[in-house]
Structures are given as structure tokens and as C-alpha cells.
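> Sequence and predicted structure below; questions after.
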Amino acid sequence: MTAISLRAFSWQGDDLFRRACLTSAGLISVLMFAILLSLCIGAWPALENFGIGFFFSSEWNPVTKEFGAANALYGTLVSSIIAVFLALPVGLGVAIFLSELCPVWLSRPLSIAIELLAAVPSIIYGMWGLFVFAPWFSEGFQVWAAEHLSELPLIGPLFSGPPMGVGLLTSGIILAFMILPILTSLIKEALSTVPKVLREATYGIGATQFEVIIKVLLPAIKGPIFGALILALGRALGETMAITFVIGGAQSIDSSLFMPATSISATIAEQFNEATGDMHISALIGLGLVLFMITFIVMGSARVLLRRKAK
Amino acid sequence: MIRKFKNQLFRAMCLLATLIGLGILVIILFTLFQKGMAGMNWQLFTEVTPGPGGEGGLANAIVGSIIMTSLGIVIAAPVGILAGTWLAEYGQNSKTADTIRFLNGMLMSAPSILIGLFVYELVVVFMGHFSGWAGAISLAIIALPVIISTTEEMLKLVPITLREAGAGLGTPRWKVTVKLSYRAVSTGIITGILLSVARISGETAPLLFTALNSSFMTVNPNEPMANLPVTIYQFAMSPYDSWNQLAWSGALLITMAILFLNIISRVLPQLKKRRS
């Protein structure tokens, strides 16, 4: 008798445990849904008031209660795209060096050191960017660019303006440092999936390392590199504290990359606690909603891409 | 000759890229030491944050950070481990499991400032004031997906023979999971938790509008709570020298703690492997 009741209990235990596990897993979908819902509810007053114009208007004036997302959206996209452009060649170089060129005993400690870059908190990048990098950048590159690049046709306007240190380009550079580790580790992973035979065959016909890597390895991992780039872009889009320090916090769209600008996350971080009234808060949450949608689309497509390639 | 030269040039460029990456890490750490060491004294750990321009320490911020990080992990770890268990043991390759995995990945990459906005609307507006609880909850949401995915990955590594051996003895499935599988991969799960502690202890954005900050020593999570990241942010942006100094010392403190946790979490699995 006791044996039967014990067994009955143990089955109950099984059921209970399974349910607890399922509930916890289900919580993730509830959370994602709740985050989207709360952003929508919070943003509703602003969306209702400004309509579709909220996404395109570059007006951001707490005094007249006019709010539009265009400035922040511009800053977010441009700084992130700069970051990806700068980080790609460096990330490729590091990944190739670590997995193809450097001796095995050195590769692991160096990889860990590069990965530690990702562990450094965002706020530290911000402080370092503002107090160390920005002054150095304004005295060096920006002065040089003002003399040599600003007169050039087409790209000239990008590099004109006073050398202030902070601004869109600085944000892009700091972001590039921050996404470097993820880019490197994803490219390294992709490189490791290329069969050894392929390398040996190409070396066998007398190719140099350069030729093997450029003509065989990189074309073989085009897909994953693209996926990694989009993933890194997604990371850059949502970055907050680093950007808040170095972007300058100016609600404007300027043709020069040297000028201060703002991003969605920086605007929210700077203004949320000092918001003047409900419409201001609602507009900030509306910015959050825009950010949520962009990162969801970007990250979602990166995941789909990477998964398809992995199969 | 040209091919050889190209090859050398290419190798040099790759080396240069690596040096840039490493250089950034070295320069950041150097800056932190250079500017942070000056403020490393007893005062830093024993006195609370000073008023504008005054002298003081970071005791309340350190205590607040430890409390909120611990609360966050205590909330996230059990839920995360159970959810990871469901994905690895029950859901496996089902559609539902795939959806949850996808959403978990999205939550992991959701900008942390949005988690802050969410918790603000959910907890802060509901409670009517900023609080340590709200901060802890937002940190828990950030830690959760990391713990879920490491737990799942780890449980997948448990050999099927181990489960079969347990099941063969008539052990119910939950006991096999709890007593055999969890124990077999405990180091891996602990590593995941350590990494998520490292990740959330540097988070600033979500705390800006959940825990806010406080210039008093509080251990009551029902009140706004001091914490290192927000203090660093406010003090670094201030015009006062003494506040700036505290910001750099706080930055050194938190970065060292995080790098230490990261390195431990890498060394731990290897130590275990070597011992067995």
C-alpha cells in the first residue's frame, strides 16, 4: 500500500516539476508581450496627439510640448552605422589574426582579453570616451580633418564644424569599440566551421595565407559575417550610457558628423527624470517604442539569418 | 615578390587590428587605475556619498548595488534555471520551445533602457515611488535570459546514459533532473549565474528610473536606493572635483569586480575539469 502511494506521490512530483518549468519558460513570452504592451500604453497619449507625424517630425520642444522622433532616430541610426563600418575591418582583422595567424598558445589568452572588452560596463566606455578619447580626438583628428577634409567635395560637409570632441562621429567610434568583441567572436566562430581540408588544399597549390583567407575562407563565411554585422548593429542601436556621455545631447540633425546630436536611448536617459509633464514622458516612452521596434526587427532578422546559415 | 609582400602586409594589418583591440582594453584599464587609485582609501568604503562638492565615500552606493544585484539574482536564478530545464528536458525541438528560445534571444538583446522603462511603468508607477525593488526587478529581467540559455546549453551536455542510469533505478524524472543532471553540470550553471551577476552589476540605464539614487545609507528596498552605476553617472557629469574623483574610484571598483567575476567564471570550469 505504502509503495503505491509513494509512487503516486513521485508522479505528482514529476507533474509539479514539469509545470514549474513550463510556467517559468512561459514567463519569457509573457514578459516580452508585457514590455511591448507597456510601451504601447505609455506612448499612446503622444501617438494620439501627434499621430504618424511623431515619427517624422524633428521638433523636440518640451516648452511648447511639440515632440517628434526624427532627431533621435537619425542619431541612433547614423552612430550605429558608423560603428558597424568601423568595427567590421578591425573585427575581421582580429578574428583572422587570432584564428589563423597567431600561435595556438597565444590565441586563447588574447581571445579572452578581447572578450573582456565586452565585459567592461557601458558607463565606463562613456566616461573614458568623454574625458580621455574626446579631448584627444578633437585636438588630433578633428583639427586635421578641418584642414584637409572639410574642403573636399561630397564628403567635405561631413567633416566640417568646430572640433568639440563630442558628437556623432565620436559616438560611432566608441560604439565600434563596444561591438568589436561580439563581431570578433562571431567571425572567429564562423572561421572555425570552415573545413581544414579546404585550407590545406589551397596551401597545397602554393597559395599564400593572404590568398587562402581572402579567396577561400572569407567567401565561405560571407553569410555568417553578414549575420554578425546585423547582430552587432542591433547591439549598437540600443546602447545607452556610452552614447549619453559622448553624443552631446543636441536635438538637431546636422550634416556634419562632428556636431553634437542625440540618440533615442540618450534622450530617454537624459530627460526622463526631468520630464516636464505627462506629454513629455509619453513622448519619451514613444521613443522607447520606436527603439524596441527597430531592435526587434534588426535582431530578429539577424537571428533568422544566422540560424538559416547554421543549418 | 608582390605576392609575398601582399601577404606580409596583410598579416601586419591583422596584427595591427588585434593591437588596436587590446590597446583599447589596456588604455581603459590604465585610465581607470590612474584616475581611480587616488581615491582608494578607507573613506571610500566607510562614508556615504557627500553633498555637492563635499568629501565623502561610496559606502551607501556599494551597499545598495550589492543588495539590488543579489535580489535580482535571487529572483532570476530559480526562474531561469527552471525555464532552461523546460527548454532542454521537455520542450526540446517543439514549436513552443523554439518560440520561447527566439523570444529569450530577443529579451537578451533588448536594450536595457527599455527594461527600465517597462519596470518604471509596471512597478514605479504602481508603487508611486522609486525603489530598490524596482531596481532589483529590472536587473532580474536582464539576468534572466542569460541564465536560461546557459542552463539549457549545460543540460544538453548531460549524457543520456546518466539519465538512463537514474531512470533504471526507478527514480522519477524530476529527481533525475534535480539530483543527477543539475549536479553534473552545476559548475556550468554557476558560471552562467556569475556571468549574469557581472553583467547586471554594471547596468546603469535601467536603474536611472527604477531605483534612482539616494544620498543616504538605506538597506530597505522599499525606498529609492543608492547604487554605484547611477552615482558614477551623476558624479562624473557634475562640475565638482570631489564628485568626479569619487566617480573614477567607483568606476575602478566596479570594473575590477566585473573583470574579476568574468575571469573567475572562465577559470572555474577548468579547475573542476582538472580535479576530476
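Noted; the coordinates are in hand.
> rest of the way, CA atoms for contacts and neighbours
Will do.
> which other helices and strands contact the host helix or strand of residue A:34?
Applying DSSP states H and E as the criterion places residue A:34 in helix A:2-50. Applying 3 or more C-alpha pairs under 8 Å, 6 or more residues apart in numbering or on different chains; DSSP states H and E, we find helix A:2-50 packed against helix A:278-310, helix B:59-85, helix B:95-109, helix B:112-119, helix B:173-175.
> Try it again at 6 Å.
In terms of contacts (3 or more C-alpha pairs under 6 Å, 6 or more residues apart in numbering or on different chains; DSSP states H and E), helix A:2-50 is packed against helix A:278-310, helix B:59-85.
> Give the partner strands of whatever helix or strand comes next after it in its sheet and their orientations.
Downstream of helix A:2-50, the first helix or strand assigned by DSSP H and E is strand A:60-61. The pairing partners recorded for strand A:60-61 under DSSP bridges are strand A:66-67 (antiparallel).
> contact partners of the partner strand?
Contact partners of strand A:66-67, identified using C-alpha atoms under 6 Å, 6 or more residues apart in numbering or on different chains, comprise A:59-60.
> What residues of the helix or strand following it count as buried?
Downstream of strand A:66-67, the first helix or strand assigned by DSSP H and E is helix A:70-96. For helix A:70-96, a neighbour-count test (16 or more other C-alpha atoms under 10 Å in any protein chain shown) marks A:70-84, A:86-88, A:90-96 as buried.
> Repeat that for stretch B:76-92.
For stretch B:76-92, by 16+ other C-alpha under 10 Å, it's B:76-89, B:91.
> count of neighbours near residue A:241?
For residue A:241, the number of neighbouring residues by other C-alpha atoms under 10 Å in any protein chain shown comes to 25.
> oh, I was asking about residue A:209
Residue A:209 sits with 21 neighbouring residues when counted by other C-alpha under 10 Å.
> mind checking pLDDT for it?
pLDDT recorded at residue A:209 is 85.
> The buried residues of helix A:70-96: which ones sit near chain B?
A:90, A:93-94 (C-alpha under 6 Å from any C-alpha of the partner chain).
> residue boundaries of the strands in the stretch 101-250 of chain B?
Ranges of strands within the stretch 101-250 of chain B: none, based on DSSP state E, counting those that start in this stretch.
> residues touching the residue in it that chain A sits nearest to, list them.
Using C-alpha to the nearest C-alpha, the single residue of the stretch 101-250 of chain B nearest to chain A is residue B:111, 4.5 Å away. Each residue near residue B:111 by C-alpha under 6 Å, 6+ apart is listed here: residue A:238.
> Dihedrals phi and psi, it?
Torsion angles at residue B:111 (phi, psi; degrees, to the nearest 10) stand at phi -60, psi 130.
> now do residue A:261
Dihedral angles of residue A:261 (phi, psi; degrees, to the nearest 10) stand at phi -140, psi -160.
> For it, which residues count as its bridge partners?
With DSSP bridges as the criterion, residue A:261 is bridged to residue A:248.
> Neighbours of it, how many?
Using other C-alpha under 10 Å, residue A:261 is surrounded by 29 other residues.
> what about residue B:59, how many neighbours?
By other C-alpha under 10 Å, neighbour count at residue B:59 equals 22.
> Next one: the residue in the stretch 51-200 of chain B that chain A sits nearest to, what pLDDT does it get?
Residue nearest to chain A within the stretch 51-200 of chain B (C-alpha to the nearest C-alpha): residue B:83, separated by 4.1 Å. At residue B:83, the pLDDT value in this model is 96.
> Could you tell me how many residues sit around the nearest residue to residue A:242 once chain neighbours are set aside?
Sequence neighbours aside, residue A:126 is the residue nearest to residue A:242 in space, at 3.7 Å (criterion: C-alpha to C-alpha, 6 or more residues apart in numbering or on different chains). By other C-alpha under 10 Å, 25 other residues sit near residue A:126.
> Ok, residue A:193 next?
Neighbours of residue A:193 under the rule other C-alpha under 10 Å: 12.
> tell me the contacts of it?
Listed by C-alpha under 6 Å, 6+ apart, residue A:193 has no contact partners.
> Pick out whichever of the buried residues of stretch B:76-92 sits closest to residue A:18.
Nearest to residue A:18 among these, counting by C-alpha to C-alpha, is residue B:86 at 7.2 Å.
> Wait, the closest one touches residue A:23, no?
No - shown here, residue B:86 and residue A:23 do not form a contact pair, counting by C-alpha atoms under 6 Å, at 9.0 Å.
> Same list (the ones next to chain B among the buried residues of helix A:70-96) but as TSV, adding pLDDT.
Output for these, formatted as TSV (pLDDT from 0 to 100):
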residue	pLDDT
A:90	96
A:93	94
A:94	95
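> Around chain B, pick out the residues from the stretch 201-311 of chain A.
Residues of the stretch 201-311 of chain A lying close to chain B (C-alpha under 6 Å from any C-alpha) are A:210, A:238.
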